[in-house]
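In: whatever this is, show me its structure:
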Amino acid sequence: MIQRLHISNYALISTIDIQFQQGLNIITGETGAGKSIILGALSLLLGGRADLRAIRDASKKSIIEAYFDTKGFALLRPIFTDNDIDWDDDTCILRRELSPSGRSRAFINDTPVNLQLLHDVAIQLVDIHSQHQNLLLANHDYQLSVIDSLAENKHLLERYAEAYQAYRAALKRYTDTRDMITRNQADAEFISFQLDQLNEMKLQPGEQEELERERDKLANMTQIKEYLSDANEALSGRESNVLAGLAEAADSLQRLSDVLDDADSLAERLESARLEIKDIAETIADYNSDMNADPQLLDDIETRLGRIYSLETKHHVETSDDLIALRDKLAAQLAAIDNADESLAVLQEEAKTAKKAASAIARQLSERRHAQASVFAEELRERAMPLGMKNLRCEVTFSPTKLSPTGIDQVDFKFAFNKNQPLMSVGATASGGEISRLILSIKLVIAEKMQLPTIIFDEVDTGVSGDVAVRMGVLMAHISLTAQVIAITHLPQVAAKGSAHYKVYKEDDETSTNTRIRLLTQEERVGELALMLSGTPNDPSARAAAQTLLNSNS
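Out: Model prediction:
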């Protein structure tokens, strides 16, 4: 239900905050007072088109915000989860902002969303009906949900949803594999050619890095041997080399052993260092001796690396290890092509089995829907007859469809209101008054078995009067026992049935005209109903009649 509606800087509204109540909320007011402005603002929360001319003050943005009680609407939670919107078990906040620059923004629980998502959520929470506007009733999916609710198909629908998703997943595996095999088969010769090139190379893991190191060594052999020779010369080659110096230092320290306590220890350490450096010098000499320029080996390495680089460029990879991974992938593709018929047959059989299981449940759903359709049509006719629709005929027609998320049925509610009138779809039939009474009757039929959103009736009682008007009010009150109802009405018989009554009126200040709304007290309701009955709130007979109407609702 709508707990609170805030509107600011919109048309004649500077700012209003409406606290709606459970049950039947009545809104009345003189023509032009601004009832339609409030409804127009609310329709923006359902993704309606924004008219920038409605912004009251061009220096500020216009804001429409509604707080909804979402207890019992857990079915909305997956939508929030899928779109990364915070979910609250108690409250949902929808907001629409219009800026003077022409930008329109939408929010759900303070998370920015697009208008389609705002619409998809809002339509689950509020259902607006006017004489010629219907957001749900003409929708075939909604019509199907009505039949499913009355047929108590909830658990069967859950089973079907699981089976249908399993079928779609199996079908996707089959089609994806089939398409991949088709592509691979078309490219089999080319894949084989590429694989042969890679196999011919006999690449080893890490080979490229090893070859590049060896190439760099061979390419710089002269410089490397020069550095090795210099190092060896410094350590042991020239007359004043490191080894000779260490030996001389150790000998000098040994001569001091009689006068210096640590002399022997220091001499031993120098001798150890000399032996280590001698070993290093010999190793360097061995390196220098073993290193010989080999132009042929360098040429072979350069050739090998050139082939590797060429393949990397061709296949858009960076290393020889990437080429090895590609080689393995191509081999797997060829193996898949070789076993394609067998693999595809298995997946096709899985898809057929899954489709058969889903179809079986879909047929059960269809049978229950067909059985419920005639019951619904008859009950609807009985509910509508007291509203002056004695010639009403209704029929639920079914059209078979391919397996879909809702089964194998598409339904269409068709009606005729006069004896000689052909049955027509609800979106293309009847006068405003007739379809208004029809909507009320349908809501009454489904109210007890289907969780309804907040229902807003915008002068749907136009074209009716007298006893029919009283009955329409009774029906609205009955529907409000299971769903919040907000009714904008000009009929006192309907207004008297409300559990809360709001009056919309205009108020002038020094510079502008403003639309206001307030909750009426019981005494104020008498005056408002008297005004609706006679044109004046103080006429004694009208006030007495108004009181009688209110008393009849007690």
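In: where does pLDDT dip in the stretch 251-400 of the chain?
Out: Under the criterion pLDDT under 70, the flagged ranges of the stretch 251-400 of the chain are 288, 290, 292-294.
In: ditto for the chain
Out: Residues of the chain that meet the cut-off, pLDDT under 70, sit at 130-137, 219-222, 225, 288, 290, 292-294, 427-435, 448-451, 463, 554.
In: next up, phi/psi of the spatially closest residue to Ile517 that is not a sequence neighbour, please.
Out: Using CB to CB, 6 or more residues apart in numbering and skipping the chain neighbours, the partner closest in space to Ile517 is Val504 (4.9 Å). C-beta: built from backbone N, CA, C; applies to glycine. Phi and psi for Val504, reported as degrees, to the nearest 10, are phi -100, psi 130.
In: so who does Val504 touch?
Out: Ile27, Thr28, Gly29, Ala33, Gly34, Lys35, Ile38, Thr515, Arg516, Ile517 (CB atoms under 8 Å, 6 or more residues apart in numbering).
In: in helices, which of these fall?
Out: Mapping these onto helices (DSSP state H) picks out Lys35, Ile38.
In: tell me what the helix or strand hosting Glu349 is packed against?
Out: Glu349 belongs to helix 340-384 when elements are defined using DSSP states H and E. Helix 340-384 is packed against helix 140-150, helix 154-186, strand 393-404, strand 407-416, helix 432-447, with contacts defined by 3 or more CB pairs under 8 Å, 6 or more residues apart in numbering; DSSP states H and E.
In: that older thread, ok, and the most crowded of the contacts of Val504?
Out: Within the contacts of Val504, neighbour counts (other CB atoms under 10 Å) peak at Ile38, which reaches 28 neighbours.
In: so what's it up against?
Out: The contact partners of Ile38, by CB under 8 Å, 6+ apart, come to Leu5, Ile7, Ile13, Ile16, Ile18, Ile27, Val504, Thr515, Ile517.
In: tell me the one of those nearest Arg363?
Out: Proximity of the contacts of Ile38 to Arg363 was ranked by CB to CB; the top entry is Leu5 with 45.2 Å.
In: is it true that the closest one touches Leu44?
Out: No. Counting by CB atoms under 8 Å, Leu5 stays clear of Leu44, with 11.5 Å between them.
In: sorry, back to before: strands - which of the contacts of Ile38 land there?
Out: With DSSP state E as the criterion, strands contain Leu5, Ile7, Ile13, Ile16, Ile18, Ile27, Val504, Thr515, Ile517 from among these.
In: Thr489: which of these is nearest?
Out: Ile27 (7.5 Å).
In: picking up where we left off before, more neighbours: Leu5 and Leu44, which one.
Out: Counted by other CB under 10 Å, Leu5 and Leu44 do not tie: Leu44 has more neighbours, with 26 against 21.
In: I'd like the distance between that one and Leu115.
Out: Distance of Leu44 to Leu115, computed by CB to CB, to the nearest Å: 9 Å.
In: repeat that for Gly388.
Out: 39 Å.
In: please apply the same query to Ile284.
Out: Ile284 is 78 Å from Leu115, where distance means CB to CB.
In: which element, helix or strand, includes Asp264?
Out: Element membership of Asp264, judged by DSSP H and E, is helix 263-290.
In: in that helix, what's buried?
Out: Buried positions in helix 263-290, judged by neighbour count with 16 or more other CB atoms under 10 Å: 263, 266-267, 270-271, 274, 277-278, 280-281, 284-285, 288.
In: repeat that for stretch 165-179.
Out: Neighbour counts over stretch 165-179 (16+ other CB under 10 Å) mark Ala166, Tyr167, Arg168, Ala170, Leu171, Arg173, Tyr174, Thr177 as buried.
In: can you give me the domain assignment for this structure?
Out: Using automatic domain parsing, the domain parsing of the chain gives 1-131+459-520, 207-318, 523-554.
In: can I get the ones you listed in TSV with distance to Ser374?
Out: Shown next, in TSV, are the domains of the chain (distance: least, CB to CB, whole Å):
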stretch	distance to Ser374
domain 1-131+459-520	23
domain 207-318	66
domain 523-554	35
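In: now do the contacts for the residue positioned nearest the centre of the chain.
Out: Residue closest to the mean C-alpha point of the chain, counted by CA atoms, centre = their mean, is Asn83 at 3.3 Å. Asn83 makes contact with Thr111, Val113, Leu117 under the criterion CB under 8 Å, 6+ apart.
In: tell me the SS of the closest residue to the first one other than its chain neighbours?
Out: Sequence neighbours aside, Ile85 is the residue nearest to Thr111 in space, at 4.7 Å (criterion: CB to CB, 6+ apart). Under DSSP: H, G, I helix; E, B strand; the rest coil, Ile85 falls in the coil class.
In: if I look at Ile85, how far off is Arg103?
Out: 21 Å.
In: could you pull up phi and psi at the residue of the chain most remote from its centre?
Out: Using CA atoms, centre = their mean, the residue of the chain lying farthest from its centre is Asp258. It sits 92.5 Å away. Phi and psi for Asp258, reported as degrees, to the nearest 10, are phi -80, psi -20.
In: one step back: mind listing the shared neighbours of Leu5 and Leu44?
Out: Ile64.
In: on that earlier part again, just send the ones in strands among the contacts of Ile38 back as TSV, with distance to Ala384 too.
Out: TSV is the format used below for the ones in strands among the contacts of Ile38 (distance: CB to CB, whole Å):
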residue	distance to Ala384
Leu5	31
Ile7	35
Ile13	37
Ile16	36
Ile18	32
Ile27	25
Val504	30
Thr515	35
Ile517	32
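In: wait, which of these is closest to Glu378?
Out: Nearest to Glu378 among those is Ile27, at 34.0 Å by CB to CB.
In: verify the contact between the closest one and His490 for me.
Out: No. Look at Ile27 against His490 with CB under 8 Å: they stay out of range, at 10.5 Å.
In: state the distance from Ser399 to Leu98.
Out: 41 Å.
In: higher neighbour count, the two?
Out: Remark: of Ser399 and Leu98, Leu98 carries more neighbours, 22 against 10, as counted by other CB under 10 Å.
In: list the residues that contact that one.
Out: Contacts of Leu98 by CB under 8 Å, 6+ apart are Tyr10, Leu44, Ala50, Leu52, Ala54, Ile55, Lys61, Ser62, Ile63, Ser104.
In: also Pro386?
Out: Arg471.
In: look up how far Leu475 lies from it.
Out: Pro386 sits 9 Å away from Leu475, taking CB to CB as the criterion.
In: likewise His501?
Out: From His501 across to Leu475, the span is 18 Å (CB to CB).
In: buried residues in the helix or strand harbouring Asp300, which are they?
Out: Assigned by DSSP H and E, Asp300 falls within helix 295-315. Neighbour-count burial for helix 295-315, with 16+ other CB under 10 Å as criterion, is recorded at Leu298, Ile301, Arg304, Leu305, Ile308, Leu311, Glu312.
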